[in-house]
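Sequence and predicted model, in that order:
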Amino acid sequence: MQLLVGRVSGLPVLPSQKPRHNSVCTRLTGRQALAAPVPAAHHAPAFSKQPRRFASPRSVIAFSTPAGTAIGLRAPGQHLEQVNVVYKFGGSSVRDAERMREVADIICSFQENLPCVVLSAMGKTTNMLLECGELALTSTVDGIPNLAPLKTIHDLHMSTCESLGVEAAVKSEIEALLNNLQQLLIGICIMQDLTPRAKDSLVSFGERMSTRIFASYLRSQGVAARQFDAPEMGVVTTDDFGNADVIYDQTLPKVQASLTQKAGGPREVQIVTGFLGKGVHTGAITTLGRGGSDLTATVIGAAMELREVQVWKDVDGVLTSDPRIVQNTRPVTELTYEEATELAFFGAQVLHPLAMQPAIRSQAMDVRVKNSYNREAAGTIISKARDMSCSLVTSIVLKNNVTLVDIVSSRMLGQFGFLANVFDVFRANQVSVDVVATSEVSISLSLDPKKSWSDGEVGEELNHLVYELEKISCVHVRSNMCILSLICNVERTSEILLRTFKVLLQEGINVKMMSQGASKVNISLIVDGSEGQRAVKALHREFFETAPSCISDPEAAAAMNGNGNGVHAAAARR
């Protein structure tokens, strides 16, 4: 016997009735139903700013269905004409068959939404594909089928197909993709060359397989689903393999046309490959950089003119710092587009650095970060603006392995064009600069060499950059530095800097460079790399683990420590 556990705002559910609009139904065994916890916040509507309130655990009821009756998933959003939200799930959220079942349950639990779902590759598949490419360069042709990561990829995807009971045609399609992957590796082995173009084609297999498997599983559970490869769906990019830019003028109308549901047909859950695009001139597969599935999701949201995109991760939203460094991190409940962008660029791993671009273009689309392992967590909502009246510091992030370049020239004094000459050198060497500070006769700036050069080229290319700069100035280079970024309310700069430098003085940490002013939400400090983590821990204690002075309400004060704007969070709870 199977039990169907339902909760419908305190109303009894009868076997002959369909659940109401806000119901959630999950398949459980008899013993599981007796012990099943009642979810709280994770069933909120996609566009609700606050979690929906449900009845007490007494509203959980159970009724039986005849033995042997298959109970599949209930297709979401069947009352809607078009997609109204995008869900994005990362690799850890779909790492195996069990997690795919959980993701399917999450999707179908929000009956009020008709989603478009963006998926990453399963687990560590992208890393294993890159490893396959490197091993192929040193392997024999006969040894390609026996590459350890290739065998792991094969076993993972075929066992997932078996476990989920995917359709026979899709299973054959996965086998064909695995065969094509092996042939590509043989080509890399024979040519002894792994070009950026070949590498993009190589890593694309992960998303192409995960989305096909997942869409087939949904169909096997009675949910109409359709799989889309983003390059064929209309995501057009530059031909910069490995880190392509989306060409929005071409992409947005094509994506909208591809994903518009046909009138009169079943409302399909659309499953889209993240991370991938098509080169505008070559027509080849391109990638949007690591973590680019976040960008795919927000691009779709902008194309479909949606109010919200949900990015489901393995953490409870954006945090006050890196949990690998600070033990007592707390979720941040609200961010602006600008705050989220600065966090991503300066070290936070939750979102792709460019994921906010489509939202900024839209000016009307929110991005919500949720935890697929903890549905009850409220997550973080990222929007155009928020109340900053009681905000001080929102989050502290650390970016390691930074190089600091000091450029000094007396010819800079009172002269025009000197800065242009300096940055022409960086442009010619294709080097991106992170943080800049200037005086009358000097420029200090930071750069991340690994963003421009591979590991084996860093020393040589950096020396060439310095050689070119020394033609117009004196240059001093310091490696192994780090950028400490305080995402904060710069309207309260004096208070923030007073407390920051007091803490750093107590810790004996000297600041090598500071930048503040260009960004309205960020103060960046550069310190020695060996002192970065200690500085983050000390500053987190100062700003998040002591009672704030902005408000007197203890409950609101505790919330404010988590998001820099706790007044509204506390009010919402009341």
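It's in. Residues are numbered from 1 along each chain as shown.

could you pull out the helices for the stretch 401-550 of the chain?
Per DSSP state H, counting those that start in this stretch, the stretch 401-550 of the chain carries helices over the ranges 418-428, 449-452, 458-469, 493-507, 532-544.

next one: the stretch 251-400 of the chain
Ranges of helices in the stretch 251-400 of the chain, per DSSP H, counting those that start in this stretch, are 293-303, 337-345, 357-362.

out of the ones you listed, deepest packed?
Most buried of these by mean neighbour count (mean count of other C-beta atoms under 10 Å) is helix 293-303; its value is a mean of 28. Every residue, glycine included, has its C-beta placed from N, CA and C.

for that helix, packing partners?
Here helix 293-303 touches strand 85-89, strand 115-119, helix 248-259, strand 269-273, strand 308-313, helix 357-362, going by 3 or more C-beta pairs under 8 Å, 6 or more residues apart in numbering; DSSP states H and E.

can you count the residues close to residue 122?
27 (other C-beta atoms under 10 Å).

same check, this time on residue 474
Neighbour count of residue 474, defined by other C-beta under 10 Å: 12.

Could you check how far it is from residue 438?
Separation of residue 474 from residue 438 (C-beta to C-beta, to the nearest Å): 15 Å.

cool, residue 106 as well?
49 Å.

One more: residue 524?
Separation of residue 524 from residue 438 (C-beta to C-beta) stands at 14 Å.

more neighbours, these two?
Counted by other C-beta under 10 Å, residue 524 and residue 438 do not tie: residue 524 has more neighbours, with 23 against 14.

then stretch 524-540 to CSV, C-alphas only?
Taking Å, rounded to 0.1, in the frame of the first residue of the first chain, the C-alpha atoms of stretch 524-540 are listed here in CSV:
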residue,chain,number,x,y,z
SER,A,524,38.3,46.9,-1.4
LEU,A,525,41.4,46.4,0.6
ILE,A,526,44.6,44.6,-0.6
VAL,A,527,46.6,42.8,2.0
ASP,A,528,49.3,40.1,2.0
GLY,A,529,47.9,36.8,0.9
SER,A,530,49.1,35.0,4.0
GLU,A,531,46.9,37.4,6.1
GLY,A,532,43.7,37.3,4.1
GLN,A,533,41.8,34.6,5.9
ARG,A,534,42.7,36.0,9.3
ALA,A,535,41.5,39.4,8.3
VAL,A,536,38.2,38.0,7.0
LYS,A,537,37.5,36.1,10.3
ALA,A,538,38.3,39.2,12.4
LEU,A,539,36.1,41.5,10.3
HIS,A,540,33.3,39.0,10.3
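
rewinding a little: please produce TSV containing the helices and strands packed on helix 293-303, extended by mean pLDDT and distance to residue 329.
Shown next, in TSV, are the helices and strands packed on helix 293-303 (pLDDT from 0 to 100; distance: least, C-beta to C-beta, whole Å):
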stretch	mean pLDDT	distance to residue 329
strand 85-89	97	22
strand 115-119	98	26
helix 248-259	97	34
strand 269-273	98	31
strand 308-313	95	14
helix 357-362	93	24
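
Point out the one among those that comes closest to residue 173.
Nearest to residue 173, of all the helices and strands packed on helix 293-303, is strand 269-273, at 13.7 Å by C-beta to C-beta.

for that closest one, packing partners?
Going by 3+ C-beta pairs under 8 Å, 6+ apart, strand 269-273 lies up against strand 115-119, helix 196-220, strand 225-228, helix 230-233, helix 293-303.

could you give me the average pLDDT of the fourth one?
Which is helix 230-233. What helix 230-233 shows for mean pLDDT is 97.

Could you give me the buried positions within it?
Going by neighbour count (16 or more other C-beta atoms under 10 Å), the buried part of helix 230-233 is 230-231, 233.

for those, which one is nearest residue 497?
Nearest to residue 497 among the buried residues of helix 230-233, with distances taken as C-beta to C-beta, is residue 230, at 44.1 Å.

Confirm for me that that closest one is in contact with residue 276.
Yes - counting by C-beta atoms under 8 Å, residue 230 does reach residue 276; the two are 4.6 Å apart.

low-scoring stretches of this structure, by residue?
Along the chain, the parts satisfying pLDDT under 70 run over 1-71, 410-414, 449-458, 517, 547-574.

and residue 166, which of the three is it?
Three-state call for residue 166 (DSSP: H, G, I helix; E, B strand; the rest coil): coil.

Around residue 109, how many other residues sit close by?
Other residues lying near residue 109 total 19 when counted by other C-beta under 10 Å.

Need the helices of the stretch 251-400 of the chain in JSON lines (columns: distance to residue 428).
Putting these into JSON lines (distance: least, C-beta to C-beta, whole Å) gives the following:
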{"stretch": "helix 293-303", "distance to residue 428": "28"}
{"stretch": "helix 337-345", "distance to residue 428": "23"}
{"stretch": "helix 357-362", "distance to residue 428": "26"}
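
Which one of those lies nearest to residue 196?
Ranked by C-beta to C-beta, the member of the helices of the stretch 251-400 of the chain that lies closest to residue 196 is helix 293-303, at 18.4 Å.

Please find the angle between the direction vectors of the closest one and strand 269-273.
Put simply, helix 293-303 runs at 130 degrees to strand 269-273, going by axes from the mean of the first three to the mean of the last three C-alpha atoms, to 10 degrees.

circling back: tabulate the buried residues of helix 230-233 in CSV, adding columns for distance to residue 331.
Below are the buried residues of helix 230-233 laid out as CSV (distance: C-beta to C-beta, whole Å):
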residue, distance to residue 331
230, 30
231, 35
233, 33
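
And the residues you listed, which is closest to residue 136?
The closest of the buried residues of helix 230-233, once distances to residue 136 are taken by C-beta to C-beta, is residue 231, at 23.2 Å.

list residues touching both of residue 230 and residue 276?
Listed contacts common to residue 230 and residue 276 are 207, 296; contacts here mean C-beta atoms under 8 Å, 6 or more residues apart in numbering.

can you put the helices and strands packed on strand 269-273 in a markdown table and add distance to residue 391?
Output for the helices and strands packed on strand 269-273, formatted as a markdown table (distance: least, C-beta to C-beta, whole Å):
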| stretch | distance to residue 391 |
| --- | --- |
| strand 115-119 | 31 |
| helix 196-220 | 37 |
| strand 225-228 | 40 |
| helix 230-233 | 36 |
| helix 293-303 | 24 |
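
Which one of these lies nearest to residue 422?
Between residue 422 and the helices and strands packed on strand 269-273, the tightest spacing by C-beta to C-beta is seen for helix 196-220, at 28.8 Å.

Off-centre distance for the closest one?
Taking the mean of its C-alpha atoms, helix 196-220 sits 18 Å from the chain's own mean (C-alpha atoms, centre = their mean, to the nearest Å).

Then stretch 248-265?
That offset, for stretch 248-265, works out to 23 Å (C-alpha atoms, centre = their mean).

For residue 170, give its distance to residue 122.
For residue 170, the distance to residue 122 - C-beta to C-beta - is 15 Å.
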